[in-house]
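Enquirer: return a 3D structure for these sequence lines:
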Amino acid sequence: MLQRQQKIDIQGKVVLITGGSRGFGLAMAEEFAREGARLVLCARDEEELLRAQSQIKQLGAEVITFPCDVAQPAEVEQVIAQATAHFGAVDVLVNNAGIISAGPWQTLTRADFEQSMNIMFWGTYNMTMAVVPQMRARKSGRIVNITSIGGKVSVPHLLAYSSAKFATAGFSEGMRAELAKDGVCVTTVVPGLMRTGSQVNTTMKGESHRIEYSLFTLLDTLPLFSISAQRAAQYVVQATKKGSAEIIITLPAQLLARLNGAFPELVAPLMSLSTRFLPSGDGKGTESYSGRESETAVTRSFITSLGQKALTRL
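Expert: Next up, the predicted model:
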C-alpha cells in the first residue's frame, strides 16, 4: 500500500536553507521563523549572512549562519556537521542556492553551463547526500528542492539555467521515490517568476545585455507575471509541512507546465517564435555583465517599483 506523508509541525524544527542570505532564501527563512523553526543559513557571502541573521533574530528565532560554497563537498559536509553539533539534528533541508546566466545560446560558454550545474545541481546533490544519512537513521526528515518553471519548460535565453534546473528536478523526483520507504520526504518546488530583488545579481551575456536585462526585469517584477517572495515562501512552508510531492507557484507557471505536458508540439513552436523578438546572439560576444551593470531607464522606472521594493527589503 502506498504510504501517505504525515503533516508535520515546524515549531522547534531545525531548518537549513542554502542561499539563505538574500532574495527568496531570506523570504523563506523569515516564514519558517514565524512558524517557530530554528534556522541554519548558509551562503557564500559572510557579510550578507550576518545581515540576514540580524533580520531573522528580530522575529524571535534562533539562527546560526555558515559561509559555504555548496559546490564544494568538503564545505557542505562541514556545515551539516556543525549544524548537527549545535542543534542535534537537521530536520528540514531547503536547497535554494542558485544563479542565473541570461543570453542567447551563442553568448553562453561551457563555463556558464558548468557554473550553473555546480551550484544548482551538484550543490543540491552535495547537501542532500550529506544530510540523508542522519534522516534515514531517524526515519524522518524533509528535503525541499527549489527548482523552477525553467526546469519544466526550457525557456529561450536561459539555457544554462534551465539545463541545471531540469537536472535538479529529475534528481528531486527520483529521490522522493527512493527515500519514501526510509521516512524521508522530498518536495519539489517549481516557482514561476518571483519578486525577490535578485534580478540585480543575474549575469547578462553579450553586447545586448541591457536589452536582456530590461526584458528580464519587466517580466520578473510585474504583478501580472510574478508573485511576491513572501507569498511564495508561504506556499513553500505549507508544502513542507504537508510533505507535498510537488508544488508549482504562480498561475502562469502552472498553465505553462500543464500546456507543455499535454501539448509539447504546441509549446515548442511558441518558444521558438519568441526568440524572434529577443536579441540575436550572432556576433554579440560572450562577455558577462551583472544586473547592476545592465540597468536602464526602464529598469529604474515606476514600472518596476515592486521589484525595487523587493530589492530594498531582501
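Enquirer: all helices of the stretch 1-150 of the chain, in order?
Expert: Under the criterion DSSP state H, counting those that start in this stretch, the stretch 1-150 of the chain contains helices at 23-34, 46-57, 73-87, 110-116, 123-138.
Enquirer: now the longest one: average pLDDT?
Expert: Helix 123-138 comes out with an average pLDDT of 98.
Enquirer: before we move on, what about the first one?
Expert: Throughout helix 23-34, pLDDT has a mean value of 96.
Enquirer: select the longest strand from this structure.
Expert: The single longest strand within the chain, with elements called by DSSP state E, is strand 184-191.
Enquirer: re the thing from before, hey, which of the helices of the stretch 1-150 of the chain is tucked in deepest?
Expert: Highest mean neighbour count of those: helix 23-34, a mean of 25 (counted as mean count of other C-beta atoms under 10 Å). Every residue, glycine included, has its C-beta placed from N, CA and C.
Enquirer: return the residues in contact with the residue nearest to residue 304 when sequence neighbours are not counted.
Expert: Take residue 304 and drop its neighbours on the chain: the residue closest to it by C-beta to C-beta, 6 or more residues apart in numbering is residue 221, 4.6 Å away. Contacts for residue 221 (C-beta atoms under 8 Å, 6 or more residues apart in numbering) come out as 195, 199, 303-308, 310.
Enquirer: same deal with residue 124?
Expert: Residue 124 is in contact with 70, 95, 97, 145, 168, 171-172, counting by C-beta under 8 Å, 6+ apart.
Enquirer: circling back: quick one: the residue nearest to residue 304 and residue 301, what's the gap?
Expert: Taking C-beta to C-beta, to the nearest Å as the measure, residue 221 and residue 301 are separated by 11 Å.
Enquirer: and residue 248, by the same measure?
Expert: The gap separating residue 248 from residue 301 is 30 Å, by C-beta to C-beta.
Enquirer: surely residue 217 meets residue 199?
Expert: Yes. Under the criterion of C-beta atoms under 8 Å, residue 217 lies in contact with residue 199, with a separation of 5.1 Å.
Enquirer: quick one: which of these two has more around it?
Expert: Under the criterion of other C-beta atoms under 10 Å, the comparison of residue 217 against residue 199 puts residue 199 first, with 28 against 24.
Enquirer: list phi and psi for the more buried one.
Expert: When read as degrees, to the nearest 10, the backbone of residue 199 gives phi -60, psi -30.
Enquirer: I'd assumed residue 220 was in contact with it.
Expert: Yes. Counting by C-beta under 8 Å, residue 199 sits close enough to residue 220 to count as a contact (5.2 Å).
Enquirer: how far away is residue 42 from residue 193?
Expert: The gap separating residue 42 from residue 193 is 25 Å, by C-beta to C-beta.
Enquirer: those two: who's more crowded?
Expert: Set side by side, residue 42 and residue 193 show unequal neighbour counts under other C-beta under 10 Å, the larger going to residue 42 at 27 against 22.
Enquirer: residues in contact with the spatially closest residue to residue 256 that is not a sequence neighbour?
Expert: In space, not counting the residues next to it along the chain, residue 256 is nearest to residue 153; the distance is 5.6 Å by C-beta to C-beta, 6+ apart. Applying C-beta under 8 Å, 6+ apart, one finds that residue 153 lies in contact with 256-257, 260, 267, 271.
Enquirer: how many neighbouring residues does residue 118 have?
Expert: A count of nearby residues for residue 118, using other C-beta under 10 Å, gives 17.
Enquirer: check contacts around the nearest residue to residue 17 once chain neighbours are set aside.
Expert: Once flanking residues are discounted, residue 17 sits nearest to residue 94: 4.4 Å by C-beta to C-beta, 6+ apart. Contacts were defined as C-beta under 8 Å, 6+ apart; by that measure residue 94 touches 15-18, 20, 25, 28, 144, 146, 236, 240.
Enquirer: possible to save those residues as CSV with distance to residue 276?
Expert: Formatted as CSV, the entries for these read as follows, by distance: C-beta to C-beta, whole Å:
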residue, distance to residue 276
15, 44
16, 44
17, 39
18, 37
20, 39
25, 35
28, 37
144, 37
146, 31
236, 35
240, 41
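Enquirer: which of those residues sits closest to residue 278?
Expert: The shortest separation between residue 278 and any of those is 25.6 Å, and it belongs to residue 146 (by C-beta to C-beta).
Enquirer: any figure for the gap between that closest one and residue 102?
Expert: 18 Å.
Enquirer: same deal with residue 174?
Expert: Between residue 174 and residue 102 the computed distance is 28 Å (C-beta to C-beta).
Enquirer: between those two, who's got more neighbours?
Expert: Set side by side, residue 174 and residue 102 show more neighbours around residue 102, with 27 against 11, by other C-beta under 10 Å.
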